[in-house]
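Colleague: just need the structure, nothing else, for what follows:
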Amino acid sequence: MKAFQNFTESIEKFLTFDSGIVKIKHSISQINQVIDKGLDGLYQSQDTLDGKIQISEAEKQKILEKIGEASGRDVRIRLLASEAMDKVLEQAAESFDEWREGLGDRMANKSQYWHSEHSPVWSQDKLIQDYTNQFIRDLSKEIDEWGNTKLKDVILQKNLKYLDTSIAYELDAIQGQFKSLDEHIQTNFSQQLQISINGINDDFMGMGGIGGGVGIGGALAAGLIVFTGVGFIAVIVASLAAAIAGSFGFGMLDFDGLKDQIKGKIFELGFQKFDESMEKFSDKLNEIVGSVFDKRVESASRVIAQAIALYENLLERQEKAHSETLEQREAEKAWIDQKRQELEQIQNGLEVILSKCVIV
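Modeller: Residues are numbered from 1 along each chain as shown. Next comes the predicted model:
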């Protein structure tokens, strides 16, 4: 409780100075949800000690069966996620091959708009660097477009929709079992679980933010096109040396022709390096897709783990209440009352923080 109180003092400073009012309200709402779940647990613990919550042996057996069912649902979600991820990677590979086929023509059209103020003879290194930068820029845009419009908006969305529906079905089934239990023994476990289920919606949002806010395509493009700086330019200069010497021999310089040759060489070496980076590209793709699915599985598993913990705690409290002496139960109820007051004080403190921020 003391550590949590220190945390609220720290968060007050952060929220006041580093965040807007919308984020403040959202953060305080999330903290309040945690506190509410804690208070619910304390109230139910006290009800158990007071004998208001009683479970028969047959009901205990049913609860044990429900724990097994919940574990099975977790396994089922993991298997579905694994199958969906394999399907995404397979469809992504097919889509990428189709995209790669027309890449050369698209890049050639874009190269017509490459521009540099430098001469292909007198400042050739700078011209090559300009064209190389524009090649990287255009290729990165192509990758970014494929990653966002094809991979994210089509392939991922379709498969994630199926997985999300499956996760919702499994969690709703667990929620339904808790509602039945609540009606029978007068608890509010389903309400506690619903708060967690609502919370995973935040985990499922913001898929386009993968890659540090640059989107899936940007995350794929970043770091995949590795050029060797001066060495890359030197290779192009050496390959064009004969053409430039020939132009001098004729007593005239074909600047446009030299620029086209430079563009062609950048195309040749640039695509060669891009093809060499395909293994890294594949690794990055697997990492991104895997993180999207892992986040969903982890969120669902966290809710299921909480459901199992609620069942187990209920059984544990029942056993403990039966074995404790009256003096022990009274001491535990006093402890519960103290912790409940501390949580309520923290909750009131958060309201003060919010009111201060609104005034500011």
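Colleague: from now on I want contacts and neighbour counts done on CA atoms only, so please keep to that.
Modeller: Fine.
Colleague: how far away is A108 from H118?
Modeller: The spacing between A108 and H118, counted by C-alpha to C-alpha, to the nearest Å, is 21 Å.
Colleague: again but with K333, I slipped
Modeller: Counting by C-alpha to C-alpha, the separation of K333 from H118 is 82 Å.
Colleague: one more: G72?
Modeller: Using C-alpha to C-alpha, one gets 67 Å for the distance from G72 to H118.
Colleague: tell me where the model's unsure across the stretch 151-300 of the chain.
Modeller: The model of the stretch 151-300 of the chain has pLDDT under 70 over residues 201-215, 217, 221-254.
Colleague: buried stuff in the helix or strand containing Q177?
Modeller: Under the assignment given by DSSP states H and E, the secondary-structure element containing Q177 is helix 157-185. For helix 157-185, a neighbour-count test (16 or more other C-alpha atoms under 10 Å) marks 159-160, 163-164, 166-167, 170-171, 174-175, 178-179, 181 as buried.
Colleague: next one: the closest residue to L181 other than its chain neighbours from K141, what distance?
Modeller: Spatial nearest neighbour of L181, excluding adjacent residues (C-alpha to C-alpha, 6 or more residues apart in numbering): T187 at 7.5 Å. When distances are taken as C-alpha to C-alpha, T187 and K141 turn out to be 55 Å apart.
Colleague: which one's more surrounded, the two?
Modeller: T187 (20 against 15; other C-alpha atoms under 10 Å).
Colleague: where does that one land in three-state SS?
Modeller: Of the three states, T187 takes coil under DSSP: H, G, I helix; E, B strand; the rest coil.
Colleague: isn't it right next to S180, touching?
Modeller: No - if you go by C-alpha atoms under 8 Å, T187 and S180 don't touch, sitting 9.9 Å apart.
Colleague: and the residue nearest to L181, backbone torsions?
Modeller: Main-chain torsions, T187, degrees, to the nearest 10: phi -120, psi -180.
Colleague: quote the end-to-end distance of stretch 312-331.
Modeller: Here stretch 312-331 reaches across 22 Å from its first residue to its last, counting by C-alpha to C-alpha.
Colleague: the helices in the stretch 151-300 of the chain, which residues?
Modeller: Taking DSSP state H, counting those that start in this stretch, the helices of the stretch 151-300 of the chain run over residues 157-185, 189-204, 215-221, 230-249, 255-276, 278-323.
Colleague: what is the first one packed up against?
Modeller: Packed against helix 157-185, as judged by 3 or more C-alpha pairs under 8 Å, 6 or more residues apart in numbering; DSSP states H and E, are the following elements: helix 57-101, helix 189-204, helix 278-323.
Colleague: so for Q261, which of the ones you listed sits nearest?
Modeller: Nearest of the helices and strands packed on helix 157-185 to Q261, taken as C-alpha to C-alpha: helix 57-101 at 22.7 Å.
Colleague: and the angle for the closest one with helix 278-323?
Modeller: Taking axes from the mean of the first three to the mean of the last three C-alpha atoms, to 10 degrees, helix 57-101 and helix 278-323 form an angle of 170 degrees between their directions.
Colleague: alpha carbons only: can I get the following helix or strand past helix 57-101 in PDB?
Modeller: Note on helix 57-101: by DSSP H and E, the next helix or strand toward the C-terminus is helix 103-111. As requested, C-alpha coordinates have been extracted for helix 103-111 and formatted as PDB (Å, rounded to 0.1, in the frame of the first residue of the first chain):
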ATOM      1  CA  LEU A 103       8.800  -2.900 -58.600                       C
ATOM      2  CA  GLY A 104      11.400  -2.300 -61.300                       C
ATOM      3  CA  ASP A 105       9.000  -0.500 -63.600                       C
ATOM      4  CA  ARG A 106       7.500   1.600 -60.800                       C
ATOM      5  CA  MET A 107      11.000   2.600 -59.700                       C
ATOM      6  CA  ALA A 108      12.100   3.400 -63.200                       C
ATOM      7  CA  ASN A 109       9.100   5.800 -63.600                       C
ATOM      8  CA  LYS A 110      10.000   7.500 -60.400                       C
ATOM      9  CA  SER A 111      13.600   7.800 -61.400                       C
END
